[in-house]
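> what's the 3D shape of this:
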Amino acid sequence: MTFLASAPSAGATWLSGTLLVAAVLALGLLIAGPALRRHYPEAWWLCVGFPAACLRVSATWRPLMAGCGLAVSRKPALTVVSGLVGNGAAPPQPRVPRRSAIRPSPGGFWFRVRLLPGQVPEDFVKAAPAMAHDWAVHAVRVALCKPGVVRISASATDPLKNPRVPRQRGTGRLLSVAVGVVEAGAAWVIDLRRIPHWLIVGATRSGKSTLINALVAGLAPQPVALVGIDCKGGMELSLYGPRLSALATNRAEAVTVLAALVGETQDRMALCRANRVRNIWGLADGVRPVPVVVIVDEIAELFLVAGRGEKDEAQAAATSLVRLAQLGPALGVFLIVAGQRVGSDLGPGVTALRAQLGGRVCHRVADPGTAEMTLGDLNPDALHAAQAIPPEDAGTAVLASADGWERARSHLVSEQEAESIAAEYAHLTPHLPGVSDAAGGGFTVRLERLDHSE
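Numbering: from 1, shown residues only. Purely as a prediction, here's the structure:
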C-alpha cells in the first residue's frame, strides 16, 4: 500500500526534474546562442538551426506543396464536388510528393523528393523561392538525382559572404587548383583535366583579376608552362612575368605566340602518332611534354579592329585560338580566356571560340550582352543568377558547364601575393627547346618548341 502511494510521487518528481533540465538547457542556449553561432557556427547549426529547420519543413510541407500546385487530388474533380454537395463531407486530402528524411549539410540541409505522375523537375525549380521563404533560409536549389527523383538543397545563410581561405591551394592533382568556395560550402576547384578551357568575364572590381591571381598562384608550384596574352601592354599579366614561359603584350606579338603554340600542338601530334597513343597522357613520363596553360586577358583588345591590317591580325589570332581549343585537351594545351566584355559584335571568331570553352565564370558585368554570351547558351537560370549579383559582392560569380551551374566566390589573392608567388616559383618555369622571339613593350616573348629528336 505504501509502494502504491509513493509511485505517483516518484513519477511526478522525475517529470519535474526533466522539465527543469529542459528549461535550463533552453535558457543556456538562449544566453550562449549568439556567442556559439558567432564562434562555432557549425556546432550552432547542428544543435539549434538544423532541428528548427526540420520542424519548419515538416510543418509546412503539405500546405506548401498544395500552394505551389504540386499536390494532386486523390479523386477526379467531379467526384469530389458531387460528394460535397450530396453529404457535406470534407474533401479527401490531396496527395503530396513523398520526401526522404532531412539530412544536415554544412550550413544547410537536403532531402530527396519522389515526383508524382505528370510532374517534372522544372515544377520544383519554380517553387524554390516559395520554399526558401516558408523555411526562412537563404536559398533553395533543386537538382535531378535520377528519373522521377529530385534533390532539394537549402542554405540557411549565404556561404559566400565570408568564405574560409584554405591552408593550401593545391589539390594534389596536376592542373587542378582550389580557387574559392561554392554555394554548397565545398571547395571551388578548377580542374583543367576535367574541363580544359574556361571563359571568365567580369566588370572592373568584380573579382575577375582576383580569380586569375588565385588560379596562377595554384598553378605556379606545378610542373606546367604558363603563357600570357595581355594586349593592354602587359599591365595585368606582367605580375607573373618570372613564372611565364612567354608573354605577348600587343596583338602582333599575340599572333606570333599563338601561331607558335599551334605549331607546338602539331609537334605533339607527331609525337603521339610516333608512340601510337591518342593523347600525351598515354606517353611515358620521360617523353611526355609539359602541359601549357594559355592565359588571355582582355579578349576584346585582341579582337577589336580599326582597319584592314588589324582585321587580318584579329582573324589570325581567332583562328589560332579556335584551333588550340579544338586540339588542346588531348595535347596538353589549355585556355583561360578573360575579359570585361564579350559580345558577338567583336566578330564571328568570338562566337566560335565561345563554343569551345566548356567552363564559364560570370562575375558582375556592365552589360547584359556579356552575361548572355557567357551563360545564355548553357542555362537560363544561371544567366538570371549572374545578372542579380550586386556590386558589393566582389568575387562572387556564377560558374557553369555542361554539368550544371552554381554560385561561387574566389579567395582573395592580392596583386602583391600573386607577384611574390610567381617570383618564388620562377625556377620552375619550363625551358622548351626552339625559341621564337618577338620584342615589344619592353618585354621579350619567348616560346620554345619541343625538340623530339632528343
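
> Neighbouring strands - and their directions - for the strand or helix carrying residue 111?
If you go by DSSP states H and E, residue 111 is part of strand 108-114. Sheet pairing of strand 108-114 (DSSP bridges) gives strand 98-99 (antiparallel), strand 103-105 (antiparallel), strand 149-155 (antiparallel).

> most tightly surrounded among those strands?
strand 149-155 (a mean of 20; mean count of other Cβ atoms under 10 Å). For every residue, glycine as well, the C-beta is placed using N, CA and C.

> buried sites along the strand holding residue 111?
Neighbour counts using 16 or more other Cβ atoms under 10 Å place 108, 109, 110, 111, 113 of strand 108-114 among the buried residues.

> now swap in stretch 286-297 and tell me
By neighbour count with 16+ other Cβ under 10 Å, stretch 286-297 contains the buried residues 288, 289, 291, 292, 293, 294, 295, 296, 297.

> any idea of the mean pLDDT in it?
With pLDDT averaged residue by residue, stretch 286-297 scores 92.

> Check the offset of the strand holding residue 111 from the chain's centre.
Distance of strand 108-114 from its chain centroid, counting by Cα atoms, centre = their mean, to the nearest Å, is 21 Å.

> So the residue most central in space within the chain versus residue 363, what's the distance?
The centroid of the chain falls nearest to residue 399 when counting by Cα atoms, centre = their mean (3.9 Å). Using Cβ to Cβ, to the nearest Å, residue 399 is found at 10 Å from residue 363.

> Residue 161 too?
Applying Cβ to Cβ to residue 161 and residue 363 gives a distance of 16 Å.

> State the three-state secondary structure for residue 188.
Recorded secondary structure, residue 188: strand (DSSP: H, G, I helix; E, B strand; the rest coil).

> quick revisit: more crowded one of residue 161 and residue 363?
Neighbours were counted for residue 161 and for residue 363 using other Cβ atoms under 10 Å; residue 363 has more, 28 against 10.

> returning to what we had before: which one of the buried residues of stretch 286-297 sits closest to residue 133?
Closest approach to residue 133 among these (Cβ to Cβ): residue 297, at 41.1 Å.

> that older thread, could you say what helices and strands the helix or strand hosting the residue nearest to the centre of the chain packs with?
Counting by DSSP H and E, the element that carries residue 399 is strand 396-401. When contacts are defined as 3 or more Cβ pairs under 8 Å, 6 or more residues apart in numbering; DSSP states H and E, strand 396-401 packs onto strand 359-362, helix 380-387, strand 404-410.

> between it and helix 380-387, how big is the angle?
Counting by axes from the mean of the first three to the mean of the last three Cα atoms, to 10 degrees, strand 396-401 lies at 160 degrees to helix 380-387.

> begin at 83 from here
Yep, numbering from 83; the last one is strand 478-483 now.

> Partner strands of strand 478-483 and their direction?
Next to strand 478-483 in the sheet, as set by DSSP bridges, lie strand 441-444 (antiparallel), strand 486-492 (antiparallel).

> To residue 148, which of these lies closest?
Once these are compared by Cβ to Cβ, strand 486-492 is nearest, at 29.0 Å.

> centre of the chain versus that closest one, how much separation?
For strand 486-492, the gap between its own C-alpha mean and the chain's C-alpha mean amounts to 3 Å (Cα atoms, centre = their mean).

> ok, residues contacting it?
Applying Cβ atoms under 8 Å, 6 or more residues apart in numbering, the external contacts of strand 486-492 come out as 223, 225, 242, 245, 261-266, 270, 289, 292-293, 296, 443, 457, 460-461, 463-464, 467, 475, 477-481.

> Out of those, which end up buried?
223, 242, 245, 261-266, 270, 289, 292-293, 296, 443, 457, 460-461, 463-464, 467, 475, 477-481.

> thinking again about what came up before, got the strands paired with strand 190-196 as TSV, with mean pLDDT and distance to residue 392 columns?
Output for the strands paired with strand 190-196, formatted as TSV (pLDDT from 0 to 100; distance: least, Cβ to Cβ, whole Å):
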stretch	mean pLDDT	distance to residue 392
strand 180-181	94	60
strand 185-187	91	52
strand 231-237	92	48
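
> Could you dump those into JSON lines and include distance to residue 125?
Shown next, in JSON lines, are the strands paired with strand 190-196 (distance: least, Cβ to Cβ, whole Å):
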{"stretch": "strand 180-181", "distance to residue 125": "26"}
{"stretch": "strand 185-187", "distance to residue 125": "12"}
{"stretch": "strand 231-237", "distance to residue 125": "18"}
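
> Go through the ones you listed and name the closest to residue 131.
Taking those one by one with Cβ to Cβ, strand 185-187 is closest: 9.0 Å.

> ok so residue 405 is a helix residue?
Yes: under three-state DSSP, residue 405 falls within a helix.

> for the nearest residue to it once chain neighbours are set aside, what are its contacts?
Nearest non-adjacent residue to residue 405, counting by Cβ to Cβ, 6 or more residues apart in numbering: residue 344, 5.4 Å away. Residue 344 makes contact with 402, 405, 406, according to Cβ under 8 Å, 6+ apart.

> ok, so of the residues you listed, who is nearest residue 130?
residue 406 (52.9 Å).

> one step back: ok, the residue nearest to the centre of the chain to residue 326 distance?
For residue 481, the distance to residue 326 - Cβ to Cβ - is 25 Å.

> What ranges in the stretch 383-532 of the chain fall below the confidence cut-off?
Residue ranges of the stretch 383-532 of the chain with pLDDT under 70: 513-532.

> Please enumerate the strands of it.
For the stretch 383-532 of the chain, the strands defined by DSSP state E, counting those that start in this stretch cover 415-421, 441-444, 478-483, 486-492, 517-522, 525-530.

> Can you lay out the helices and strands packed on strand 478-483 as a markdown table showing distance to residue 389?
Formatted as a markdown table, the helices and strands packed on strand 478-483 follow (distance: least, Cβ to Cβ, whole Å):
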| stretch | distance to residue 389 |
| --- | --- |
| strand 441-444 | 32 |
| helix 462-469 | 34 |
| strand 486-492 | 38 |
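
> which outside residues touch stretch 451-463?
Outside stretch 451-463, the residues that touch it by Cβ under 8 Å, 6+ apart are 207, 281, 283, 422-426, 432-433, 436-437, 442-444, 447, 464-465, 468-469, 480, 482-484, 486-487.

> hmm, 6 Å instead?
Stretch 451-463 has contacts (Cβ atoms under 6 Å, 6 or more residues apart in numbering) with 283, 423-425, 442, 444, 447, 464-465, 468-469, 482, 487.
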